[in-house]
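Engineer: Whatever this is, show me its structure:
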Amino acid sequence: MDICKIRSELLKQKGIVVWFTGLSAAGKTSIAKALEYSLLGAGKIVYRLDGDDIRGGINANLGFCEKDRNENIRRKVENTPQVGSTNKRA
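Structural biologist: The predicted model follows:
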């Protein structure tokens, strides 16, 4: 049996990734936190991964020039399936 299917059955929920994009200070984190609290209140297992946290981790060596911003997005996309397969809302 597929590990994702086992997780879904145990947690009684499917994995999903919601990605908020927009300009700096546009309110993405505030909206994500509100959604996180709402889902937690509904009994869902949720994990919110903030872009600032990623910049301090796997993307710590990147700046804000166009090339680095593109690489920042590429790395996030590369890791999205791993987050979604945990059957947590991210």
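Engineer: And stretch 17-35, what's buried?
Structural biologist: Using 16 or more other C-beta atoms under 10 Å as the test for burial, stretch 17-35 gives Val17, Lys28, Ala32. Heads up, the C-betas are built off the backbone N, CA and C, glycines and all.
Engineer: Just the pLDDT for the residue nearest to the second one when sequence neighbours are not counted.
Structural biologist: Looking back up the chat, that one is Lys28. In space, and not counting its chain neighbours, Lys28 is closest to Phe20: 4.1 Å by C-beta to C-beta, 6 or more residues apart in numbering. Per-residue pLDDT puts Phe20 at 90.
Engineer: ok, now which ones touch Phe20?
Structural biologist: If you count contacts by C-beta atoms under 8 Å, 6 or more residues apart in numbering, Phe20 has them with Lys28, Ile31, Ala32.
Engineer: With secondary structure, pLDDT and distance to Gly56 as added columns, please give those residues in TSV.
Structural biologist: Below are the contacts of Phe20 laid out as TSV (DSSP: H, G, I helix; E, B strand; the rest coil; pLDDT from 0 to 100; distance: C-beta to C-beta, whole Å):
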residue	secondary structure	pLDDT	distance to Gly56
Lys28	helix	93	16
Ile31	helix	96	21
Ala32	helix	94	17
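Engineer: Is Val17 in contact with Thr80, as I believe?
Structural biologist: Yes: when contacts are counted by C-beta atoms under 8 Å, Val17 is listed as touching Thr80 (5.3 Å).
Engineer: coming back round to it: which secondary structure element contains the residue nearest to Lys28?
Structural biologist: Phe20 belongs to no helix or strand when assigned by DSSP states H and E.
Engineer: Check which helices and strands whichever strand or helix holds Thr80 sits against.
Structural biologist: Following DSSP H and E, one finds Thr80 within helix 66-84. Applying 3 or more C-beta pairs under 8 Å, 6 or more residues apart in numbering; DSSP states H and E, we find helix 66-84 packed against helix 51-55.
Engineer: how about the CA coordinates for stretch 6-20, as CSV?
Structural biologist: Only the C-alpha atoms of stretch 6-20 are listed here, as CSV (Å, rounded to 0.1, in the frame of the first residue of the first chain):
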residue,chain,number,x,y,z
ILE,A,6,-1.7,5.0,4.8
ARG,A,7,-1.1,8.5,6.2
SER,A,8,-4.4,9.7,4.7
GLU,A,9,-6.3,6.9,6.4
LEU,A,10,-4.6,7.3,9.7
LEU,A,11,-5.0,11.1,9.8
LYS,A,12,-8.4,11.0,8.1
GLN,A,13,-7.3,13.8,5.8
LYS,A,14,-5.4,14.3,2.5
GLY,A,15,-2.2,16.2,2.1
ILE,A,16,-2.4,19.6,0.4
VAL,A,17,-0.1,22.5,-0.2
VAL,A,18,-1.4,26.1,-0.3
TRP,A,19,1.1,28.6,-1.5
PHE,A,20,0.5,32.3,-1.0
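Engineer: No more questions from me, cheers.
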